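Student: how does the following fold in three dimensions:
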Amino acid sequence: MSTPRKARAIGFNHVALEVGDIDEALAFYGKLFDFKLRSQSDISAFIDLGDQFLALQKGRRQAPDDGRHFGLVVDDREAVRVALEDAGVEVLPGRFLDFLDPWGNRIEIVPYENIQFSKTDGVLRGMGMTDLEKNENAKRELADKGMDPA
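Tutor: Take a look at the predicted model:
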């Protein structure tokens, strides 16, 4: 008897966050990030992240997140730090740049240069971000896995 083939998890298409109000969520995230809105209704909104997206869904009912979070990749982490300060949003203690949105979703801000995750040249061109590069550590991690770090 043969073992059934398993699908390989290869990435994320989107992350969905539950928020209390779609318009308030778009206003909050609009203070922190420059983004393109893909679509919006009374109960959801979709923010483009190039070839991925962030879904905002109305209806958050659970308590604020502690350790549970997602890492949002940005081109300029320090710009987010300043925007958080300007918006009066508390940066959570620790060595990372984490914060809670008004509905208790915990978000960690991750600079593109530091991570293995890579956008293709075509996606970067479409996003108008062709100047993004990886640092040496991220390039080495990719190369160690046999992936082209260029």
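Student: contacts, neighbours, all on C-alpha from now
Tutor: Will do.
Student: domains of this protein?
Tutor: 14-114, 115-150 (automatic domain parsing).
Student: ok, of those, where does mean pLDDT dip lowest?
Tutor: Ranked by mean pLDDT, those bottom out at domain 115-150, with a mean of 87.
Student: centroid-nearest residue for this structure?
Tutor: Nearest residue to the geometric centre of the chain (CA atoms, centre = their mean): L72, 2.3 Å.
Student: next, give phi and psi for that one.
Tutor: Main-chain torsions, L72, degrees, to the nearest 10: phi -100, psi 120.
Student: wouldn't it be in contact with R106 here?
Tutor: No. L72 is beyond contact range of R106, at 10.3 Å (criterion: CA atoms under 8 Å).
Student: contact partners for L37?
Tutor: L37 sits next to A45, F46, I47, D48 when contact means CA atoms under 8 Å, 6 or more residues apart in numbering.
Student: that one is in what secondary structure piece?
Tutor: Following DSSP states H and E, one finds L37 within strand 36-40.
Student: so how far is that strand from its chain's centroid?
Tutor: Put simply, strand 36-40 sits 16 Å off its chain's centre (CA atoms, centre = their mean, to the nearest Å).
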